[in-house]
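>>> Build the 3D model from these lines:
(one chain, ligands or ions: 1)
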Amino acid sequence: MIPFNKPHLTGKETHYIYDAVNSGKLSGNGKYTKKAQAFFEEKFRFKKTLLTTSCTDALEMAAILLNIVEGDEVIVPSYTFVSTALAFVRQGAQIVFADSRSDHPGIDETLIENLITPKTKAIVVVHYAGVACDMDLIMQIAKKHNIFVVEDAAQAIDSYYKGNPLGGIGHLGVFSFHETKNIISGEGGLLAINDASFEERAEIIWEKGTNRSAFFKGEIDKYGWVDTGSSFLPSELISAFLYAQLEHLKDIQDKRIRLWNIYFENLKDLQNENLLKLPKIPEYATNNAHMFYVVTKNLEERDNFIRHLRENDMHAVFHYLSLHTSKYYLKNHPLKSLPWSDEYSNCLVRLPLFYELEEKQVNSICKVINEFFNK
Ligand SMILES: *Cc1c(COP(=O)(O)O)cnc(C)c1O
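Model (predicted):
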């Protein structure tokens, strides 16, 4: 069976973990945490970054930093992972779900302005499959209405909008290093703080509501409880693993992009013949090859397609169930129609894509796909 995903080890992970163990410093904010954060600040020019134990945690930090309180409204695409919405719900926010674009699962930027009310505090955009939303348009709308923008860049490491790294454009950006992402640490995440006014408070929230970071930098004599927060920082063991991965970022991205291009070349005739839809990369966006997906005509075809691949020992999977149709959301909200979000829930299929996947395996997957749609 060709699996859907396989976590890739670059080689130095256990070496750096061993080094961290030997150093006697296992808790967070040590050498490897600082090395990993410095990597992001240098490579992507993020002003300030903090490693977290997950992207979910980074989103929770964002919700706290933006002072989201009971009754605030937050605009979120429905076609996303639970955490994009949940982190804000935990602070008491009302989530206002937006539909996807017809040509991409990301938020339809043209619908945002109609969803804004005097209670709107933030827009959370998701760069689905690592492909940028139209950030100029989103930032313009946010500025006009004086609301914050959080980029859920969980899938978008090393991907760009008009040359600017994703996660570095909104007021805050968040990344994931879950084992299914391009760069991994099992579980793990990062908060990018792009608006300097959040920097000081972010470190406090990160360190259980204490000013411990300032203390260790010698900025204050004693540290104590000064704000809300939690234990959002990862242990050095996780950071050491992550740092080994970051050293191989280019190699990992190059390989993924090569595989992605083989998929695209081998399947584009099917798209030309209107038999399925392939990912679209807009002019302003780059492709970090986080994912290769196809969109089938309907739910029945999707199920048959996944079954057909499985019969050929190839594991393909569908993705999000629209959050506006989730059991949790429907408890307190009426069912509304978001047609594109529902379409992606029903018809989008993700194909195997991971570092160790071989080019000839991609070719054989494409052969099976071509046979399925041309039958
Ligand atoms: C993976 C993912 C998350 C959650 O990341 P964790 O690190 O598992 O918390 C959130 N949002 C999106 C869009 C994701 O793809």
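
>>> Can you name every helix or strand that the lengthiest strand in the chain contacts?
Longest strand in the chain, counting residues (DSSP state E): strand 120-126. Counting contacts by 3 or more CB pairs under 8 Å, 6 or more residues apart in numbering; DSSP states H and E, strand 120-126 packs against strand 73-77, helix 82-89, helix 135-145, strand 148-152. Quick note: C-beta positions are derived from backbone N, CA and C, even for glycine.

>>> Find the residue closest to Glu41 in space, skipping its chain neighbours.
Distances taken as CB to CB, 6 or more residues apart in numbering put Thr49 closest to Glu41, at 5.8 Å, once the chain neighbours are dropped.

>>> got the residues of this protein near the ligand?
Taking CB under 6 Å from any ligand atom as the measure of proximity, the chain contacts the ligand at 54-56, 80-81, 83-84, 126, 152, 154-155, 176, 178, 189.

>>> Dig out what the residue nearest to Glu41 forms beta bridges with.
Using DSSP bridges, the bridge partners assigned to Thr49 are Ala192.

>>> how near is it to the ligand?
Distance, Thr49 to the ligand, using CB to the nearest ligand atom, to the nearest Å: 15 Å.

>>> now the helices: where do they sit in the stretch 151-300 of the chain?
199-206, 212-216, 236-246, 249-272, 299-311 (DSSP state H, counting those that start in this stretch).

>>> With the ligand as the reference, measure out to the nearest residue to Gln253 once chain neighbours are set aside.
Spatially, and ignoring its direct neighbours in sequence, Gln253 is nearest to Asp158 (5.5 Å; CB to CB, 6+ apart). Taking CB to the nearest ligand atom as the measure, Asp158 and the ligand are separated by 15 Å.

>>> With Phe40 instead?
Distance from Phe40 to the ligand, by CB to the nearest ligand atom: 15 Å.

>>> Please export the C-alpha coordinates of the helix or strand containing that residue as CSV.
Remark: Phe40 resides in helix 31-43, with elements defined by DSSP states H and E. Extracted in CSV, the C-alpha atoms of helix 31-43 (Å, rounded to 0.1, in the frame of the first residue of the first chain):
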residue,chain,number,x,y,z
LYS,A,31,19.3,26.6,23.0
TYR,A,32,17.2,24.7,20.4
THR,A,33,14.1,26.8,20.9
LYS,A,34,16.2,29.9,20.3
LYS,A,35,18.0,28.4,17.3
ALA,A,36,14.6,27.4,15.7
GLN,A,37,13.1,30.9,16.3
ALA,A,38,16.2,32.6,14.9
PHE,A,39,15.9,30.4,11.8
PHE,A,40,12.4,31.8,11.2
GLU,A,41,13.4,35.3,12.0
GLU,A,42,16.4,35.2,9.6
LYS,A,43,15.0,33.1,6.7
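
>>> contact partners of that helix?
With CB atoms under 8 Å, 6 or more residues apart in numbering as the test, helix 31-43 has contacts from 16, 20, 23, 25, 46-51, 190, 192, 233-234, 236, 239-240, 242-243, 246, 249.

>>> re the thing from before, from the residues of the chain next to the ligand, which is closest to Val362?
Nearest to Val362 out of the residues of the chain next to the ligand is Gln155 (CB to CB; 19.7 Å).

>>> residues contacting the closest one?
The contact partners of Gln155, taken as CB under 8 Å, 6+ apart, are 126-130, 176, 181-182, 288, 290-291.

>>> quick one on the thing from earlier: using JSON lines, lay out the helices and strands packed on strand 120-126 together with distance to Phe216, mean neighbour count and mean pLDDT.
What follows is these, written out as JSON lines (distance: least, CB to CB, whole Å; neighbours: other CB atoms under 10 Å; pLDDT from 0 to 100):
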{"stretch": "strand 73-77", "distance to Phe216": "33", "mean neighbour count": "27", "mean pLDDT": "98"}
{"stretch": "helix 82-89", "distance to Phe216": "27", "mean neighbour count": "22", "mean pLDDT": "98"}
{"stretch": "helix 135-145", "distance to Phe216": "34", "mean neighbour count": "16", "mean pLDDT": "98"}
{"stretch": "strand 148-152", "distance to Phe216": "28", "mean neighbour count": "26", "mean pLDDT": "98"}
